[in-house]
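Colleague: based on what follows, work out the 3D shape:
(2 chains)
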Amino acid sequence: MQKWKRFAFGFVLATLGLTAVAGAQDYTSLPRKETLIVENPEGTIKNPGWFNIWVNGGGGVSTGLQQLTMDTLWYIDPEQGLGGASWDNSLAADKPQYNADFTEMTVKLRKGLYWSDGVEFTADDVVYTVKTQMDHPGMVWSAAFSVQVASVEATDPQTVVFKLKKPNSRFHAIFTVRWNGAWIMPKHVFEKVEDPLRYDFANPVSLGAYKLKAYDPQGKWYTWEKRDDWQRTSLARFGEPAPKYVTYTDPGPPDKRTIAQLEHNLDIIHDNTPEGMFTLKEKSKTIETWFPGFPFAHPDPTLPAVIFNTQEAPFDNADVRWALALLIDIKAVDMASYRGAATLSALGVPPTAATMKDYQAPMQDWLKNFEIDTGKSKIKPYDPTVGQQIADILRKQPKFKDQIPTDPEAITAAFGYGWWKPDPKAAGELLEKAGFKKSGGKWLTPDGQPFKIRMTVEGDTRSVFTRAGTLIAQQWAAFGIDAKAVPAAKLWQTALQPGDFQVAIAWSVETWGGDPDLSFFLDSWHSQFVAKKGEVQPPRNWQRWSNPELDKIIESIRGISADDPKGMELGKDYLKLVAREMPTIPLMSYNVFTSMDTTYWTGYPTIKDPYTDPVPNWANSRLMMVKLKPAQPQ
Amino acid sequence: MTPYLIFVLKRFGQFLLVVFLGVTITFFVTHLTPIDPVEESIGAITQMGQSDPNAIELMRQSLRELYGMQGSIWEQYLHFWLRLATGDLGPSLSAFPTPVSTIILRSLPWTIGLMTVSTLITFVLGNAIGALAGYYRKDMVLKAVSLVFIAMLPIPYYILAFVLLIVFGFIWPVLPINGGYEMNANLDLSFALVLDILKHSILPALSLILVGAGSWLIGMRALVSNIITDDYVVFAELGGVPKGKILRSYIARNAMVPQFTGLAMSLGAIFNGTVITEIVFGYPGIGNLLIEAVHAGDYSLVLGLSALSIVGVAAAVFIIDVLSPLIDPRIKVE
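Modeller: All right, here's what the predicted structure looks like:
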């Protein structure tokens, strides 16, 4: 009978899934004061035991794997960085050295760095990384190396020489972390593996200051422990990482994240809804955010915009695009989408702290004098006071009136400089210039058909943008255009890539954030990469826009080094060109509502101390580990 | 060859045909959706900062080869069957190269646990009340209880799931509303963990039980209502056989034969999972997995899950059919 009872109990356990969880260690048994708990925005990892980051989609990336255990040659921090510059030589001892025609790149590596299993890091690891990936199509950086690298060799244990198939002044970008980069593989581990594409790297050997301690076999959490020999890692240049343990979890939907942080069980929320953030600011006394008041959130180096399919008439006409821009009341869009918590940008770069300094501020005079010829008149469309106006609107709301900055500089940093002012008269003139007519209150295209616009939005998956896109469509409809917002599941795959859209709300501009070099996205905007109508468009230039003047700017950027001061002038030329041509209507920053609880840890990055992006899934967030301080005695 | 053996072989042929057609339809439906796993992967790689269009095109070709998506859809279809014939469901495309079977086996116990227990409870509860309500037709309590279950029958189970979630998760927050176990739980095998898992399964299970019991109840009540007028029941009553014994031995046992057929089919359908319930409650079963696979355009995983479901249901129906003539004397094989 006892036997049967045991069998029955075992069966019940098995059917309840206990077999799947038994044996895992519990991260909450770790001392809380020594543990940093952060949200992994990837959610629950479907394949939790997979740590081979060099195979695409194999497992989780933001589980702490890329932030705490990986390393590569350089980092560009989206913010100010530690050590006085956003550029950081990480595994490399110096910046990349190119020959005169950019066909050869030499890298000097740091000495004294070790993998977590005690093996020294050398140039052989770098060479192995490149060659292995080239030999295994399907690995994440395989194609990128294959199209560019003619040969790679270690000339001594600390020197790697790349010979390139064609000149490329930005080849180093592949080894430069913005969010992620080509991570260096441990040669001594992978060379013993039969097929690197099918190897799970189950006990990941770390080049970072942390190593794997435990993870949930159901993929809900991962815990990493500080290495005893953390001094032998590149991060040690900045000091000792403070948290002994770091856990990345999937805390569930926004309401659960909010509750967990209110209960001090979640130190960093990667992203919340604007409403969730407002609740936290209202109810918690220990929450810190990037901006201390509105808009609280951190502006990502991406630029949400109205994207036109410029291969489709009438959006191939700059006058039409500009007319539609002049029908947008950005203040209403801002309030509808981010509830006012956004940083505006009239220019084609995201308004990060660095680009505000490098581009937005220096171009204010140009913007103020910028003119458009409507065919009947010349107008100056720029309103430099929009940021100020939004601050004034928000200040009238009793709930947050004290959190709205009053200092003009702080207002600019938080809400942006200005934007285009609504001008329906000029918009009408521009449409008439393009051959449109108004009849019975409705606009007709040059061939006499009703002017229809379908604005493709993402629906629930990115509700903030959906709200913005819907309102913009309504504003166009109020002007007599048959405009509607239509949701598309998988916007990128079903609409943007195949070009199956008229107008969409998304982004096609991403920058390094902390660096003025715009090549990160601009190179892929060259007309050589614009797909024919009906074919799949390579990433970035979703607007499929080409322009000979733009090609010249891009070619000039390709011909100079990344830190040549001329690059910034060329960047401004690009911004002037897209302001004239308006292939996309830039709206605002992609704000990420990150909140940080100070109950157990202080020293988080904020606008006052912008040493890195606070968003914890970015690899740069490793810098937080050395800046955090325990808030309670240990 | 006996007539029964011919019948079994015929039914087996039908079983194979159903599986073949079901899997074939699923193959073409998944491959004709606009979501392309290669483009999904490329999207992820682009997020990692790569934007060189030449490299992206090369990557596209490599992934197409790696994922077995080269050639025409017919070539892919043939390749798929050749692989399936060896029991290989292939690698997951959204968790490449982990085998689909590994990923499914991780989620399957949760769904089997939840569905088996809730299906059995639903079956027992519905039939018990149905039998009692059919036999003691004038009992007011049984009438009221039946009415409650029958009233819940038309409610879609996911609506009830949301109601339960709001009532017990927010208004009166006494039960967990997300996951299979508490995220902060100590995961060492213990009685506390068993309780935690049971606690997490209460709301998902309730959403299925409350709606599902009504249909068993109606079926059983109708069967009992017919049987109680049969001669042997009338004779038993006239002969003074206790009512409880009549219900148990004379009525319920006979009425249960077709109900067990339904139960077998329900158990076969366990492999379908309960997609919406698992999503609403964040339950880590195959329903959740299926939705993730559909979103990621992971053909292999969708096909693996669908094949499991098709084989499960078809096998259950096949087994019932071939066993029915052996169990129920009223069914004869011609």
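
Colleague: only C-alpha atoms for contact and neighbour calcs from this point on.
Modeller: OK.

Colleague: please, where are all the strands along the stretch 201-350 of chain A?
Modeller: Secondary structure of the stretch 201-350 of chain A by DSSP state E, counting those that start in this stretch: the strands cover A:210-215, A:221-226, A:245-249, A:268-269, A:287-289, A:298-300, A:302-308.

Colleague: how about the ones you listed in TSV, adding mean pLDDT, mean neighbour count and distance to A:Y338?
Modeller: Listed next are the strands of the stretch 201-350 of chain A as TSV, based on pLDDT from 0 to 100; neighbours: other Cα atoms under 10 Å in any protein chain shown; distance: least, Cα to Cα, whole Å:
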stretch	mean pLDDT	mean neighbour count	distance to A:Y338
strand A:210-215	95	22	35
strand A:221-226	96	24	30
strand A:245-249	96	25	26
strand A:268-269	96	28	18
strand A:287-289	96	23	16
strand A:298-300	91	25	12
strand A:302-308	97	26	12
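
Colleague: in CSV: these, plus distance to A:D447.
Modeller: What follows is the strands of the stretch 201-350 of chain A, written out as CSV (distance: least, Cα to Cα, whole Å):
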stretch, distance to A:D447
strand A:210-215, 63
strand A:221-226, 59
strand A:245-249, 57
strand A:268-269, 52
strand A:287-289, 53
strand A:298-300, 42
strand A:302-308, 20
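
Colleague: can you say which of those strands is nearest to A:S90?
Modeller: Among the strands of the stretch 201-350 of chain A, the nearest to A:S90 by Cα to Cα is strand A:210-215 (15.7 Å).

Colleague: outside of the closest one, which residues touch it?
Modeller: A:24-25, A:27, A:48, A:68-69, A:116, A:203-205, A:221-227, A:230 (Cα atoms under 8 Å, 6 or more residues apart in numbering or on different chains).

Colleague: now stretch A:159-168
Modeller: So stretch A:159-168 is contacted by A:101-109, A:123, A:126-127, A:147-155, A:558 (Cα under 8 Å, 6+ apart).

Colleague: quick one: low-confidence ranges for chain A?
Modeller: Residue ranges of chain A with pLDDT under 70: A:1-28.

Colleague: report the contact partners of the closest residue to chain B within the stretch 201-350 of chain A.
Modeller: For the stretch 201-350 of chain A and chain B, the shortest gap (Cα to the nearest Cα) falls at A:K220, measuring 7.2 Å. A:K220 makes contact with A:G43, A:T44, A:I45, A:T249, A:D250, B:M183, according to Cα under 8 Å, 6+ apart.

Colleague: ranking those by neighbours, who comes first?
Modeller: Counting neighbours by other Cα atoms under 10 Å in any protein chain shown, the top entry in those is A:T249, with 27 neighbours.

Colleague: once you drop chain neighbours, what's closest to it?
Modeller: Residue nearest to A:T249 in three dimensions, not counting chain neighbours: A:W221, with 4.2 Å by Cα to Cα, 6 or more residues apart in numbering or on different chains.

Colleague: same thing with A:A297?
Modeller: A:F593 (4.3 Å).

Colleague: before we move on, could you check phi and psi at the one you found?
Modeller: phi -90, psi 80 (degrees, to the nearest 10).

Colleague: next: the one 3 residues further on.
Modeller: When quoted as degrees, to the nearest 10, the phi and psi of A:M596 stand at phi -130, psi 130.

Colleague: just give me the neighbour total for residue 204.
Modeller: Picking chain A for this. If we define neighbours as other Cα under 10 Å, then A:P204 has 20 of them.

Colleague: my question was about chain B
Modeller: Residues near B:P204, counting by other Cα under 10 Å, number 32.

Colleague: what strand or helix carries it?
Modeller: If you go by DSSP states H and E, B:P204 is part of helix B:191-227.

Colleague: in the helix or strand just after that helix, what counts as buried?
Modeller: Sequence order places helix B:231-238 as the next helix or strand after helix B:191-227, per DSSP H and E. Within helix B:231-238, the residues that count as buried by 16 or more other Cα atoms under 10 Å in any protein chain shown are B:V233.

Colleague: show me the contact partners of helix B:231-238.
Modeller: B:I227, B:I228, B:K243, B:I246, B:Y250, B:I251.

Colleague: state the phi and psi torsions of the residue of the stretch 101-250 of chain B found nearest chain A.
Modeller: As assessed by Cα to the nearest Cα, chain A sits closest to B:G113 within the stretch 101-250 of chain B, at 4.2 Å. Backbone dihedrals for B:G113, given as degrees, to the nearest 10, come out at phi -60, psi -50.

Colleague: ok, B:M69 next?
Modeller: phi -110, psi 20.

Colleague: kindly report the residues of the stretch 151-300 of chain A close to chain B.
Modeller: Residues of the stretch 151-300 of chain A lying close to chain B (Cα under 8 Å from any Cα of the partner chain) are A:I174, A:R178, A:W179, A:N180, A:G181, A:L197, A:R198, A:Q218, A:K220, A:P251, A:G252.

Colleague: the same query, at a cut-off of 7 Å, please.
Modeller: Applying Cα under 7 Å from any Cα of the partner chain, we find that the stretch 151-300 of chain A lies next to chain B at A:W179, A:N180, A:G181, A:R198.

Colleague: pretty sure the third one sits against A:A144.
Modeller: No. Distance between A:G181 and A:A144: 11.4 Å, which falls outside the contact criterion (Cα atoms under 7 Å).

Colleague: for stretch A:115-131, what is the distance to the chain centroid?
Modeller: Computed by Cα atoms, centre = their mean, to the nearest Å, the chain-centroid distance of stretch A:115-131 equals 28 Å.

Colleague: list the contacts for residue 170?
Modeller: I went with chain A, as the question did not name one. By Cα atoms under 7 Å, 6 or more residues apart in numbering or on different chains, the residues touching A:R170 are A:A562.

Colleague: ok, now A:A483?
Modeller: Contacts of A:A483 by Cα under 7 Å, 6+ apart are A:K452, A:I453, A:R454, A:A473, A:Q474, A:W476, A:A477.

Colleague: enumerate the residues of the stretch 501-634 of chain A near chain B.
Modeller: A:S524, A:F529, A:P538, A:P539.

Colleague: pLDDT weak spots in chain B?
Modeller: B:47-51, B:183-189, B:268-273, B:328-330, B:334.

Colleague: and A:P633, which of the strands of the stretch 201-350 of chain A is closest to it?
Modeller: Of all the strands of the stretch 201-350 of chain A, strand A:245-249 comes closest under Cα to Cα, at 16.1 Å.

Colleague: please save the CA atoms from that closest one in PDB.
Modeller: Output in PDB follows, covering the C-alpha atoms of strand A:245-249 (Å, rounded to 0.1, in the frame of the first residue of the first chain):
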ATOM      1  CA  TYR A 245      24.500  39.100  -6.300                       C
ATOM      2  CA  VAL A 246      22.400  40.400  -9.200                       C
ATOM      3  CA  THR A 247      19.100  38.800 -10.100                       C
ATOM      4  CA  TYR A 248      17.200  39.500 -13.400                       C
ATOM      5  CA  THR A 249      13.600  38.500 -13.200                       C
END
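
Colleague: give me the sheet partners of that strand and which way each runs.
Modeller: Strand A:245-249 sits in its sheet next to strand A:35-39 (parallel), strand A:221-226 (antiparallel), going by DSSP bridges.
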